[in-house]
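K.L.:
Fold the following.
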Amino acid sequence: MTFKTSLISVAVLLTLSSCGKNKDLKTSGDAPKPAATQPNSNSDSDTGSAAQNQQTQQNQNHTKNGSDQAAPKVDGSVKNQRAKDEGRKDRGGHVTIGDGENSDDQKKSNEDKKQPVKPSTIKEQSPKKQDDAKSDSKQDDSKKVETKKEESKKEKEDTTQVKRVIDVDKNQIASKTGGQTKDLLYYTGAGDDGLMEEFKSYLPKASPAQQHVNAKLAKSIVGARLTKAVGGDQIIDLAIEESVGGGRTGIKNYRLKAQQAGNMMKLSQVSATGSLQLQNGYLKCLDTDGSCMNAYAKVKMSGGIARVIFRKTVANVYFLIQENIVNNDNFNLMNWYIKNRTQAISTTQKINLIETSSYEVVNGASAIGLTMKTSDNEMISLTTPLLVSPSGSVVDVGVSKGLDLSKSFNLSSNENYESRLQNAISDARLVANNGRGQLKIKLNFAAAENTGAIWVVVSKSATSSKTLSVENVRAFEASLK
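P.N.:
Down below sits the predicted model:
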């Protein structure tokens, strides 16, 4: 069986898009800062396995708190102008590789329904500062003025610190998988644990002939998903692009089952729509708490060997909100849900859970899915290939929205969720990616008079499960030789 060595084309716009015409941005942080068959052999040989950063100036003149009002009315779909790149064939990293069950959705919150604050009248401050403000109200006017000055000074200091830590450094060289597109964009990693670099160092250890076969398999994997099966087993679904004759190719699906065998999980082939055969392979769970949200698989199929890294985590997010946007109900709606989260307003109309799931093929493709859930049963689903330009961490790639990510990632289906927030977004772009788990996605909200933008900086949460170190993985690999 031969493989098509080139990947499915991903249409991309190499010229970086502007982060919006209005350069006055308000920053809003809502989470802690990120820390920034048994194989015969372990070698990868034929005998075994081998937005513009406009957040920098915080607007010092916050508007005064206004009276509580109801959520802005939005007709659901955006009927106004669309982004210039509408209609482009960006695949957004979404490859349907099965329709299996996904992990349980988080139960909806039963919080009290205190009326949220209108987004255009919210002053950025943490819950602690809100408590401080209550205390200040008991002081005389002169003390209030002094307190406000001190809070403003602290706010400036906090903003400077957030800017250094949270925003993606566009000059940082991204960690790459070794795969690339026809458009000379490079696939990247999705974590900062050093696993991708470790596994890439194994590639040259195989013979030249074996390296060639391995590269074919790696570049043919265009989708991968890890999910938990009933009884503690794990399921790996692979989407592989294969030649189907006549110079044509097609996506074939392979399902593998991973069952515990000592300190690893042995792989067996359950089903396939293509002609490849699993010869041997294993799955190694990486979470130190015994779960398998983060893992990697090593598979040997019809002579070729490939490694795939899987990650799932609760994410930290940091929102950069464009200011002075008027007459844009869709923008106001999203802004409103964000502010209710960041200011800990007691309401169901706020974002309450953000999760990411990704796969990275060593020497091949990578992609990530992201879901934002609200307490009132809304969901935003976004997915994009993890790509970057040749230098730095900048990129301009289309992000798909509104897809059922349970078919491509270890994420919840959007079937039983509302889509008002989803429909408010006219389009989305990946504008920065450091290949180490930090992304910057620009959400556009089209309107006839004033198109608005919100940038979402995504990173791994500090509360995510701890994983094995590279040294632990290296020792495990050595034990298989």
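K.L.:
Following the lowest-mean-pLDDT helix or strand in the chain in sequence, what is the next regular element?
P.N.:
When each helix and strand of the chain is scored by mean pLDDT, DSSP states H and E, helix 141-165 comes last, with a mean of 40. Of the helices and strands lying after helix 141-165 in sequence (DSSP states H and E), the nearest is strand 176-180.
K.L.:
Return the set of buried residues in the helix or strand following that following strand.
P.N.:
Elements were assigned by DSSP H and E; along the chain past strand 176-180, the next helix or strand is strand 186-188. Within strand 186-188, the residues scored as buried using 16 or more other Cβ atoms under 10 Å are 186, 187, 188. Glycine gets a C-beta too; all of them are placed from N, C-alpha and C.
K.L.:
Please render these as a markdown table that adds distance to residue 360 and pLDDT to the earlier fields.
P.N.:
As requested, the buried residues of strand 186-188 are exported to a markdown table (distance: Cβ to Cβ, whole Å; pLDDT from 0 to 100):
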| residue | distance to residue 360 | pLDDT |
| --- | --- | --- |
| 186 | 12 | 98 |
| 187 | 8 | 98 |
| 188 | 8 | 98 |
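K.L.:
and of those residues, the nearest to residue 376?
P.N.:
Looking at the buried residues of strand 186-188 and their distance to residue 376, the nearest is residue 188, at 34.5 Å (Cβ to Cβ).
K.L.:
Please report how far that closest one lies from residue 166.
P.N.:
Summarising the geometry, the distance separating residue 188 from residue 166, computed by Cβ to Cβ, to the nearest Å, is 19 Å.
K.L.:
With residue 268 instead?
P.N.:
Using Cβ to Cβ, one gets 43 Å for the distance from residue 268 to residue 166.
K.L.:
out of the two, which sits in the more crowded spot?
P.N.:
More neighbours sit around residue 166 than around the other of residue 268 and residue 166, counting by other Cβ atoms under 10 Å; the figures are 22 against 13.
K.L.:
Got phi/psi on the residue nearest to the more buried one when sequence neighbours are not counted?
P.N.:
Distances taken as Cβ to Cβ, 6 or more residues apart in numbering place residue 318 nearest to residue 166, at 4.4 Å, with adjacent residues excluded. Backbone torsions for residue 318, taken as degrees, to the nearest 10, come to phi -140, psi 120.
K.L.:
Let me see the mean pLDDT of stretch 282-290.
P.N.:
Per-region confidence: stretch 282-290 scores 95 on mean pLDDT.
K.L.:
Show me the contact partners of that stretch.
P.N.:
If you take Cβ atoms under 8 Å, 6 or more residues apart in numbering as the criterion, stretch 282-290 is touched by 38-39, 226, 234, 236, 258, 261, 264-267, 291-298, 465-468, 473, 476.
K.L.:
Weed out the non-buried ones from those.
P.N.:
Among the contacts of stretch 282-290, those classed as buried by neighbour count (16+ other Cβ under 10 Å) are 39, 226, 234, 236, 258, 264-267, 292-298, 465, 467-468, 473.
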